[in-house]
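S.K.: Here is a sequence together with a model predicted from it:
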Amino acid sequence: MNNSNRLQYFDVLKGFAILLVVMGHVLTMCIRDIDNTLLFKIIERTHMPLFFFISGYFSFKCTTKGVPHDFPQLAKRFMQLIVPFVAVSSLWIIYFPHSSLQSPIDSTLTGLYFNEWKNGYWFTLCLFEIILVYTAIIPVLRLSHTIKGNILIITATWAMLWILLRYVFPDNISSLLSFRLVFSFFPIFMAGVLAKKYVDSFYRNINKSGIYTSALIAIGVTLYYLCYYWEFPWINGEFTYIAGVILHISLAIVATVFVKNYMGHDNKSGIIVNTFTLWGKESLTIYLLHYFFLFPLGWLRQPLIDMGLGFVPALIVSAIPAVVIITAVTGVNAIIGKSRLLSLLLTGKL
């Protein structure tokens with residue numbers, strides 16, 4: 001397998017995922033009050049798992065024997081994730097009252113840090129916390145030399161996170177740490193770790209027709225359940241976490257197979273591939289800065305409602321502003337890129 005190609009198609013995946021992120025925020029923050037549209041429901045459930053999967057994939061470093069040879073560089077990851085989280089989210093709550101957006105954001109430090117979603121900036125915090133958990137269990141993972149053993153250790157760790165979430169941490173601490181989101185996305189991050197640890201087996205198996213077909217079916221079933229969970233009152237609400245894990249892993253399988261097969265054995269070029277590759281490489285920057293370029297589009301709300309909040313109209317209405325916003329962010333990134341201090345504070349680049 002060509003390593004450079006693998007890196008490119010992961011960039012393409014991240015580029016597509018960050019487009020979904022911005023599209024979702026166009027719908028929910030720029031237009032507002034159309035959260036019932038099917039497109040938003042799908043984006044809400046699918047736009048972040050790929051980032052955690054790819055982050056897990058590249059967090060694993062192994063020897064030729066397939067065991068971790070070092071721990072994640074926590075100081076480096078802190079600078080890349082937590083420093084811009086604090087700096088940019090603080091700037092965002094200062095700027096928000098002047099943005100003309102109507103989203104119910106509490107523009108105070110208390111409102112920012114004690115809100116589970118961190119006014120949109122939860123991802124970098126949660127990713128760093130998950131990396132901390134992964135670092136803590138690396139010595140235990142080293143004791144097992146089988147994938148079943150690794151899965152057992154990961155499952156036990158996930159259960160411990162559930163105990164902390166459900167029975168140990170009070171609500172204000174869980175919100176401060178965005179711990180429910182840490183719990184939700186820990187399995188897909190670790191799926192990425194296992195995919196890299198058992199890389200040959202991973203790529204061999206996900207290309208099997210049966211596994212790929214099962215993943216597609218699982219996406220359809222779990223998406224329907226998660227988007228319309230109230231239609232299943234007999235199912236315990238806690239099952240949403242299990243359904244989320246199934247959905248996340250299935251998405252990672254289907255997306256990886258689809259993009260890898262599309263890219264072929266050689267790096268591809270062309271405006272679409274090059275654009276998504278660029279967006280993927282700059283996905284963290286786009287995530288951190290795109291909020292500042294959101295703008296009110298409330299006048300589109302009624303036309304979308306009149307069209308029944310249809311999938312295609314919502315797709316078009318959200319995709320066009322999203323591309324414009326991402327383009328603006330990449331322009332600003334080029335401007336601040338020469339400043340090491342601003343690049344660190346605003347984009348996490350060392």
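M.R.: Structure's in. What do you need? Residues are numbered from 1 along each chain as shown.
S.K.: helix, strand or coil for Trp279?
M.R.: The three-state label given to Trp279 by DSSP: H, G, I helix; E, B strand; the rest coil is helix.
S.K.: Would you mind measuring from it to Ile326?
M.R.: To Ile326, Trp279 is 6 Å away according to C-beta to C-beta, to the nearest Å. Backbone N, C-alpha and C define where each C-beta goes, glycine included.
S.K.: Next, show the common contact partners of those two.
M.R.: Common contacts of Trp279 and Ile326 (C-beta atoms under 8 Å, 6 or more residues apart in numbering): 18-19, 286.
S.K.: how about those in TSV, adding secondary structure?
M.R.: Conversion of those to TSV gives the following (three-state DSSP):
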residue	secondary structure
Ile18	helix
Leu19	helix
Ile286	helix
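S.K.: now, which of the residues you listed sits nearest Leu164?
M.R.: The nearest member of the shared contacts of Trp279 and Ile326 to Leu164, counting by C-beta to C-beta, is Ile18 at 30.2 Å.
S.K.: Return the residues in contact with that closest one.
M.R.: Under the criterion of C-beta under 8 Å, 6+ apart, the neighbours of Ile18 are 279-280, 283, 286-287, 326.
S.K.: do Ser103 as well
M.R.: For Ser103, the contact set (C-beta under 8 Å, 6+ apart) comprises 28-29, 32.
S.K.: What of Tyr95?
M.R.: Phe292.
S.K.: mind checking which helix or strand Phe52 is in?
M.R.: helix 49-59 (DSSP states H and E).
S.K.: so where do the strands sit in the stretch 251-350 of the chain?
M.R.: Under the criterion DSSP state E, counting those that start in this stretch, the stretch 251-350 of the chain carries no strands.
S.K.: In the stretch 201-350 of the chain, where is pLDDT below threshold?
M.R.: Scanning the stretch 201-350 of the chain for pLDDT under 70 picks out the ranges 264-269.
S.K.: all helices for it, in order.
M.R.: For the stretch 201-350 of the chain, the helices defined by DSSP state H, counting those that start in this stretch cover 209-227, 239-263, 271-281, 283-289, 301-306, 311-336, 340-347.
S.K.: what about those, which gets the closest to Leu165?
M.R.: Closest of those to Leu165 is helix 239-263, at 9.9 Å (criterion: C-beta to C-beta).
S.K.: now the angle from the closest one to helix 209-227?
M.R.: 130 degrees (axes from the mean of the first three to the mean of the last three C-alpha atoms, to 10 degrees).
S.K.: residues near His290, how many?
M.R.: By other C-beta atoms under 10 Å, 20 other residues sit near His290.
S.K.: residues contacting it?
M.R.: 21-22, 25, 325-326, 329.
S.K.: how near is the closest residue to Ala252 other than its chain neighbours to Phe295?
M.R.: Closest residue in space to Ala252, ignoring its immediate chain neighbours: Phe53 at 4.3 Å, by C-beta to C-beta, 6 or more residues apart in numbering. Counting by C-beta to C-beta, the gap from Phe53 to Phe295 is 31 Å.
S.K.: the more surrounded of those two?
M.R.: Between Phe53 and Phe295, counting by other C-beta under 10 Å, Phe53 is the more crowded of the two (28 against 13).
S.K.: quick one: the more buried one and Phe189 touch, right?
M.R.: Yes. Using C-beta atoms under 8 Å, Phe53 makes contact with Phe189 at a distance of 7.0 Å.
S.K.: Return the most buried member of the helices of the stretch 201-350 of the chain.
M.R.: helix 283-289 (a mean of 24; mean count of other C-beta atoms under 10 Å).
S.K.: Which element, helix or strand, includes Ser144?
M.R.: Using DSSP H and E, Ser144 sits in no helix or strand.
S.K.: List the single closest residue to it in space, sequence neighbours excluded.
M.R.: Asn150 (5.3 Å).
S.K.: Need phi/psi at the one you found.
M.R.: According to degrees, to the nearest 10, the main-chain angles of Asn150 amount to phi -60, psi -40.
S.K.: how far away is it from Ser59?
M.R.: 14 Å.
S.K.: Then Ser103?
M.R.: From Ser103 to Ser59 the distance is 32 Å (C-beta to C-beta).
S.K.: Then Asn172?
M.R.: 29 Å.
S.K.: In terms of neighbours, single out the busier of those two.
M.R.: Ranked by neighbour count (other C-beta under 10 Å), Asn172 and Ser59 place Ser59 first, with 22 against 9.
S.K.: mind listing what the residue nearest to that one when sequence neighbours are not counted touches?
M.R.: Of all residues not flanking Ser59 in the chain, Pro72 sits nearest, at 5.6 Å (C-beta to C-beta, 6+ apart). Contacts for Pro72 (C-beta under 8 Å, 6+ apart) come out as 59, 131, 134-135.
S.K.: May I have stretch 339-349 exported as CSV, CA atoms only?
M.R.: Extracted in CSV, the C-alpha atoms of stretch 339-349 (Å, rounded to 0.1, in the frame of the first residue of the first chain):
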residue,chain,number,x,y,z
SER,A,339,3.3,34.8,12.4
ARG,A,340,4.4,31.9,14.6
LEU,A,341,2.6,33.4,17.7
LEU,A,342,-0.7,33.9,15.9
SER,A,343,-0.5,30.5,14.2
LEU,A,344,-0.1,28.8,17.5
LEU,A,345,-2.8,30.8,19.3
LEU,A,346,-5.4,30.7,16.5
THR,A,347,-4.6,27.5,14.6
GLY,A,348,-2.6,25.3,16.9
LYS,A,349,0.4,25.2,14.5
